[in-house]
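# 3D model of this:
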Amino acid sequence: MKVIIIGGVAGGAAAAARLRRLSEQAEILLLERGGYISFANCGLPYYIGGEIKDKEDLTLQTPESFRKRFRIDVRIFHEAIKIDPERKTVRIQDKKSGEEYTESYDKLILSPGAEPIRPPIPGTDSDRVFTLRSIPDTLKIKAYIEKAKPRSAVIVGGGYIGVEMAENLQKAGLDVTIAELSDHVIAPLDSDMAADVHRYLKTQDIRLLLGQAVREIRDGRDAPLQIALDSQTLSADMVLLCTGVRPETGLAADCGITCGARGCILTDRRMQTNFPDIYAVGDAVQVRDFATGAPAFIPLAGPAAKEGRIAADNICGLDSEYEGTQGSSVLKLFDMTIATTGANERTAAAAGIDYDKTYLYSASHASYYPGAANMSIKALWEKDSQRLLGAQIVGFDGVDKRMDVLAAAIRLGAKVTDLAVLELCYAPPYGSAKDPVNMIGFVAENVITGKVKQFFWHDVNALPRDGSVTLLDVRTEAEAGRGRIDGFRNIPLDTLRERLSELPRDKPIYVHCHSGLRSYIACRILTGYGYDCYNLAGGFRLYESVMHEKAVPDVSCLTGK
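Residues are numbered from 1 along each chain as shown. As a prediction, the model looks like this:
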């Protein structure tokens with residue numbers, strides 16, 4: 001059996017190695033049009049910023065090591081230019097010599113990946129405008145910084161690569177501005193969870209311009225670039241385009257392989273295309289969103305490697321299926337960690353799912369042990385089934401391990417209330433007896449069983465201030481003195497029972513504290529005395545974070561302590 005694999009990064013390299021482990025007899029040909037295989041895309045920003053010192057560390061395998069260990073014919077700088085599914089041949093061009101030749105196959109795996117989007121903005125052809133997707137891109141940016149000594153950079157796009165590059169360009173000595181078309185950075189986050197990220201970026205001296213489209217880039221050669229936005233013009237010595245990627249599927253479409261609306265290759269759960277002997281894996285493939293069931297384009301290295309393994313399994317006669325991608329991801333931003341998994345509010349609503357949500361603000365480990373830092377957590381679940389749909393966490397210490405637990409729970413079909421009974425490791429330096437993951441389950445269970453009724457930050461400003469409802473702030477007087485929500489009366493929690501006579505029983509009461517915990521206790525007290533009570537999920541902290549970002553362009557008040 002002869003297998004040709006087109007594309008030698010995550011999906012293609014994983015497929016090749018799995019094929020060899022399953023069959024010593026298979027003839028395996030791996031084609032890569034670039035000069036590197038199995039390289040660490042996600043590590044590229046850290047080489048530019050100097051965290052990774054040696055560029056050789058970016059390559060997990062070299063063509064030589066792959067050939068030696070797996071007996072695979074690796075041909076770098078060889079590009080597949082045409083596929084003939086009827087004759088089962090691939091036309092290939094040697095990129096160095098220009099020579100073309102044809103190879104036959106029994107099975108073919110496509111792993112062409114995705115390419116950076118270069119938006120139709122005048123001026124993006126300047127040699128001071130860069131994209132980042134490959135090792136040559138990285139070396140080009142690094143060489144420019146070392147030779148030209150730029151002092152400033154504008155990053156167009158605030159996705160994962162954009163914010164990672166903001167950190168790393170700053171570490172390389174540049175003043176950095178992010179211009180993002182949306183109202184928030186990092187698209188998998190909901191805007192309320194991104195508010196903390198915005199504030200933190202500004203404390204790190206990253207300038208952030210939201211809701212701003214880049215209209216033109218003017219290159220005066222001996223002068224700084226002029227980047228024209230909707231409302232202003234910026235000067236910078238370099239521009240980095242981080243406006244997303246699109247599946248690179250022209251080769252597949254040209255030979256009749258079925259592609260979806262976004263251009264993604266369509267496969268079945270065995271990664272098989274409409275041609276039985278052609279498989280496709282990785283960033284070029286349309287997947288099923290595991291949380292919502294909707295078709296999706298989710299380019300991530302982990303899923304690509306799993307898909308490559310599944311394609312190899314099926315080629316070798318094993319029954320293996322891909323169950324979908326849930327988009328689990330984590331991002332380091334200076335000292336902050338941002339993590340997401342599963343559905344957010346936008347994707348859940350688009351899929352027509354009737355969901356509920358809640359927020360927590362919990363310490364990374366026992367608060368009495370030094371170094372505890374609070375993390376902001378948001379969880380979504382389906383109302384009818386209580387199935388956990390997704391989660392987002394923004395914080396410092398301990399974010400990644402909580403998100404891994406939540407990602408596993410979603411994959412295994414857990415209800416949100418199942419989180420309450422998980423037995424997780426506890427010692428004061430690492431966690432709490434009531435872990436934040438458990439707390440999500442406790443809070444959701446209270447909501448689902450009617451022990452507490454919630455309202456949210458986006459409901460606050462619409463609450464009547466005409467006396468028809470009671471608005472109550474149960475923080476301490478000192479906390480209330482540092483900032484209030486208009487119309488809310490302050491009665492500290494510890495004095496609430498003694499002051500019940502001040503609260504009319506015939507009106508609903510909307511209660512908030514700093515994080516939602518004390519106001520929950522207040523609601524239980526008030527409910528016990530016959531009041532109709534609603535608790536502000538996420539508390540004043542979340543409300544103030546979101547509102548402050550909407551009202552004030554620049555702020556420096558968020559730390560990791």
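
# now do the contacts for the closest residue to Gly256 other than its chain neighbours.
Leaving aside its chain neighbours, Gly256 sits nearest to Pro85 (6.4 Å; criterion: C-beta to C-beta, 6 or more residues apart in numbering). For glycine as for every other residue, the C-beta is placed from the backbone atoms N, C-alpha and C. The contact partners of Pro85, taken as C-beta atoms under 8 Å, 6 or more residues apart in numbering, are Cys255, Gly256, Ile257, Phe275, Asp277, Ile278.

# measure stretch 40-50 end to end?
End-to-end span of stretch 40-50 (C-alpha to C-alpha, to the nearest Å): 15 Å.

# correction: stretch 167-180
By C-alpha to C-alpha, the extent of stretch 167-180 from end to end equals 16 Å.

# for it, buried residues please.
By neighbour count on 16 or more other C-beta atoms under 10 Å, the buried set for stretch 167-180 is 167-172, 174-180.

# I'd like those residues as JSON lines, with pLDDT appended.
Supplementary listing: the buried residues of stretch 167-180 in JSON lines, determined by pLDDT from 0 to 100:
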{"residue": "Glu167", "pLDDT": "95"}
{"residue": "Asn168", "pLDDT": "94"}
{"residue": "Leu169", "pLDDT": "96"}
{"residue": "Gln170", "pLDDT": "95"}
{"residue": "Lys171", "pLDDT": "93"}
{"residue": "Ala172", "pLDDT": "93"}
{"residue": "Leu174", "pLDDT": "95"}
{"residue": "Asp175", "pLDDT": "96"}
{"residue": "Val176", "pLDDT": "97"}
{"residue": "Thr177", "pLDDT": "96"}
{"residue": "Ile178", "pLDDT": "97"}
{"residue": "Ala179", "pLDDT": "96"}
{"residue": "Glu180", "pLDDT": "95"}
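
# out of those residues, which sit inside strands?
The strands, defined by DSSP state E, take in Asp175, Val176, Thr177, Ile178, Ala179, Glu180 from the buried residues of stretch 167-180.

# what does the strand or helix carrying Ala478 contact?
Here Ala478 is covered by helix 477-481, with elements defined by DSSP states H and E. With contact meaning C-beta under 8 Å, 6+ apart, helix 477-481 is reached by Asp473, Asn490, Pro492, His514, Phe540.

# how many residues are close by the fourth one?
For His514, the number of neighbouring residues by other C-beta atoms under 10 Å comes to 19.

# helix, strand or coil for the residue of the chain positioned farthest from its centre?
Among residues of the chain, the one most distant from the C-alpha centroid is Ser501; the distance is 48.7 Å, by C-alpha atoms, centre = their mean. Under DSSP: H, G, I helix; E, B strand; the rest coil, Ser501 falls in the helix class.

# tell me the pLDDT of it.
With respect to pLDDT, Ser501 scores 95.

# which strands and helices lie in contact with the strand or helix carrying Glu115?
Here Glu115 sits within strand 114-116, counting by DSSP H and E. Secondary-structure packing of strand 114-116 (3 or more C-beta pairs under 8 Å, 6 or more residues apart in numbering; DSSP states H and E): strand 245-247.

# pLDDT averaged over the first helix or strand past the strand it packs on going along the chain - what is it?
Next helix or strand after strand 245-247 toward the C-terminus (DSSP H and E): helix 250-254. Computed over helix 250-254, the mean pLDDT rounds to 96.

# buried sites along helix 250-254?
Result for helix 250-254 [16+ other C-beta under 10 Å]: buried residues Leu251, Ala252.

# residues making contact with it?
Counting by C-beta under 8 Å, 6+ apart, 6, 80-83, 110, 112, 259, 263, 265, 273, 280, 284 sit against helix 250-254.

# now these: which count as buried?
In the contacts of helix 250-254, burial by neighbour count holds for Ile6, Ala80, Ile83, Leu110, Pro112, Cys259, Gly263, Ile265, Thr273, Ala280, Ala284, counting by 16+ other C-beta under 10 Å.

# Leu463: which of these is nearest?
Taking C-beta to C-beta as the measure, Leu463 lies nearest Gly263 of these, at 45.8 Å.

# ok so that closest one is a strand residue?
No - going by three-state DSSP, the assignment for Gly263 is coil, not a strand.

# give the contact list for it.
Arg246, Pro247, Thr249, Ala253.

# let's see that with 7 Å instead.
With contact taken as C-beta atoms under 7 Å, 6 or more residues apart in numbering, Gly263 is in contact with Arg246, Pro247, Thr249.

# mind listing what's buried in the helix or strand containing Arg215?
For Arg215, the element it lies in under DSSP H and E is strand 214-218. Using 16+ other C-beta under 10 Å as the test for burial, strand 214-218 gives Val214, Ile217.

# show me what that strand is in contact with.
Strand 214-218 is contacted from outside by 121-124, 126, 129, 156, 179, 225-230, 239, using C-beta under 7 Å, 6+ apart.

# after it comes which helix or strand?
Past strand 214-218, the next helix or strand by DSSP H and E is strand 225-229.

# and the nearest residue to Glu321 once chain neighbours are set aside, how many neighbours does it have?
With sequence-adjacent residues excluded and distances taken as C-beta to C-beta, 6+ apart, Glu321 is closest to Arg269, at 4.0 Å. Arg269: 13 surrounding residues under other C-beta under 10 Å.

# and stretch 496-504, C-alpha only, in PDB?
These are the backbone C-alpha positions of stretch 496-504, laid out as PDB (Å, rounded to 0.1, in the frame of the first residue of the first chain):
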ATOM      1  CA  LEU A 496     -29.300  42.700  57.200                       C
ATOM      2  CA  ARG A 497     -31.400  40.700  59.600                       C
ATOM      3  CA  GLU A 498     -31.600  43.600  62.100                       C
ATOM      4  CA  ARG A 499     -32.700  46.000  59.300                       C
ATOM      5  CA  LEU A 500     -35.300  43.900  57.500                       C
ATOM      6  CA  SER A 501     -38.000  46.400  58.600                       C
ATOM      7  CA  GLU A 502     -36.400  49.000  56.200                       C
ATOM      8  CA  LEU A 503     -37.200  46.700  53.200                       C
ATOM      9  CA  PRO A 504     -40.800  46.500  51.900                       C
END
